[in-house]
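# quick one, what's the 3D model for this:
(one chain, ligands or ions: 1)
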Amino acid sequence: MQLLQRKRILLGITGGIAAYKACELCRRLRDLEAEVQVVMTPAATRFITPLTLQALSGRPVRTDLLDPAAEAAMGHIELARWADLIMVAPASADFLARLAAGTADDLLTTACLATDAPIAVAPAMNQAMWRSPATRRNCATLAVDGVLLWGPGSGSQACGDEGPGRMLEPQELLQRIQALLGTPPILAGRSVVITAGPTREPLDPVRYLSNHSSGKQGFALAAAAAEAGAEVTLITGPVELTTPPGVTRVDVTTARDMLAAAESVCSGQVDIFIAVAAVADFRPASAAEQKIKKAAGQQGLELSLVENPDIVATIARRQPRPFMVAFAAETENLEANARSKLERKQVDLVVANDVSRSDIGFGSDDNVVTLVSREGSETLPSMPKTALARLLMERIGRHAKATEMPATKRHAKP
Ligand code: C5P
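Residues are numbered from 1 along each chain as shown. Coordinates of the predicted model:
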């Protein structure tokens, strides 16, 4: 999802039945974190109320060019300078005519005349009015003036006619606004590999050693990475979770399978590797071929375990290597332990979690983490895990960008 954070949109609404769709557009713009200032023509206020738009935009709606109180807050020229985009939806035939003529007889046309920001209009009118030579002439003039004409669409009209003149749907206008103003997502063009979930280490054909990892953290990060524009491969142990949209999933069982999958993916171009999996540190030295039977009178069973490969440390030794992120669940000395993990595994960033606190972490909806890198540390505020995943991906993207250097230099680490 491409956000419109800190983008200022002056939403102009003119008189037409499609004005009700401007409510939806206003809401969606706010969902994408845009700032929206609504300006309505007097005719627009006959179709929908300024109060509705005030509630949706979170700001008083402007309707009058000559309102001293409103002008004292933000004058019409200030308003025109404030906007990053003037979006007029719906744009009536009358408004297009006045804009083409350069009149400044209401607040909206005045703002359009006074702005340096791009102006986009979404025409909405009866098909005969759209086809009329005067409207054709006005649209041609507006196109030459650099006004963006978005639509109209064609189809059945409120007046009962069929043909061109339907305002584009809010979703389509939103996409065009995002394409025009949206900041490219932080991980656009990056490839990210994430390990998640537990591993299972077989003892015999029916038994295994494993742990309680749910995989939720890794899956939330994969979703956030895809949302941030990355191409994501999620290597996961056995979990009961659905694959986030746009993510390529590789299912594995054992730690050695997980390592093989990670090495295979990392033989191609990988920019960021994030190890979230709760990998079993040890596995049975050998898995019995047949089910282990309890002998009569047997008191106990000795298991011989051998160490599993450390996946994140193994990938960190590759040349060239991705930007490496490991997770650390600690019960004491959070930062010192995370820092020693940073060195031991030769990773670039450790996301450390204090699992001794019962109000956060395991089983709770909220989490607090500290990011530890060679440059310093940062504790992120307590927040829901999905929001944290987004913030973490933003931070990981920033750290990865900051350490970006010619491949030969980056991989010359001991
Ligand atoms: O060594 P420890 O288990 O405390 O480190 C945790 C971090 O190392 C996690 O990022 C985990 O995914 C990763 N790890 C790994 N392979 C292992 C053990 C841990 O990738 N065998």
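# K21 belongs to a helix?
Yes. Per DSSP: H, G, I helix; E, B strand; the rest coil, K21 lies within a helix segment.
# the ligand versus that one, what's the distance?
47 Å (C-beta to the nearest ligand atom, to the nearest Å). C-betas here are computed from N, CA, C, even on glycine.
# hang on, that residue packs against L168?
No. Between K21 and L168 there is no contact under C-beta atoms under 8 Å: 9.0 Å.
# can you list residues touching both of those two?
Residues touching both K21 and L168 (C-beta atoms under 8 Å, 6 or more residues apart in numbering) are A89.
# where's A122 relative to D116, distance?
21 Å (C-beta to C-beta, to the nearest Å).
# so which of the two has more stuff around it?
Neighbours were counted for A122 and for D116 using other C-beta atoms under 10 Å; A122 has more, 29 against 7.
# assumed that one was part of a helix.
No. If the criterion is three-state DSSP, then A122 is strand and not within a helix.
# not counting sequence-adjacent ones, nearest residue to it?
Closest residue in space to A122, ignoring its immediate chain neighbours: A89 at 3.9 Å, by C-beta to C-beta, 6 or more residues apart in numbering.
# the ligand versus the one you found, what's the distance?
In this view, A89 and the ligand are 48 Å apart by C-beta to the nearest ligand atom.
# what strands flank the host helix or strand of that residue, and is each parallel or antiparallel?
Using DSSP states H and E, A89 sits within strand 85-91. Paired strands of strand 85-91, with direction, are strand 8-13 (parallel), strand 119-123 (parallel) (DSSP bridges).
# just the C-alpha atoms of the helix or strand following that strand, please, in PDB.
Next helix or strand after strand 85-91 toward the C-terminus (DSSP H and E): helix 93-101. Provided in PDB are the C-alpha atoms of helix 93-101 (Å, rounded to 0.1, in the frame of the first residue of the first chain):
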ATOM      1  CA  ALA A  93     -19.600  21.100 -16.900                       C
ATOM      2  CA  ASP A  94     -20.100  24.500 -15.400                       C
ATOM      3  CA  PHE A  95     -17.000  24.200 -13.300                       C
ATOM      4  CA  LEU A  96     -14.900  23.000 -16.300                       C
ATOM      5  CA  ALA A  97     -16.100  26.000 -18.200                       C
ATOM      6  CA  ARG A  98     -15.200  28.500 -15.500                       C
ATOM      7  CA  LEU A  99     -11.800  26.800 -15.000                       C
ATOM      8  CA  ALA A 100     -11.100  26.900 -18.700                       C
ATOM      9  CA  ALA A 101     -12.100  30.600 -18.800                       C
END
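# can you list the buried residues in helix 93-101?
In terms of neighbour count (16 or more other C-beta atoms under 10 Å), helix 93-101 has its buried residues at A93, D94, F95, L96, A97, R98, L99, A100.
# cool, stretch 81-88 as well?
W82, A83, D84, L85, I86, M87, V88.
# same check, this time on stretch 182-194
G182, P185, I186, L187, R190, S191, V192, V193, I194.
# in helices only, show me these.
Using DSSP state H to define helices, no part of the buried residues of stretch 182-194 is located there.
# ok, so of those residues, who is nearest L65?
Nearest to L65 among the buried residues of stretch 182-194 is G182, at 31.1 Å by C-beta to C-beta.
# wait, the closest one touches L4, no?
Yes. Between G182 and L4 there is a contact at 6.0 Å, judged by C-beta under 8 Å.
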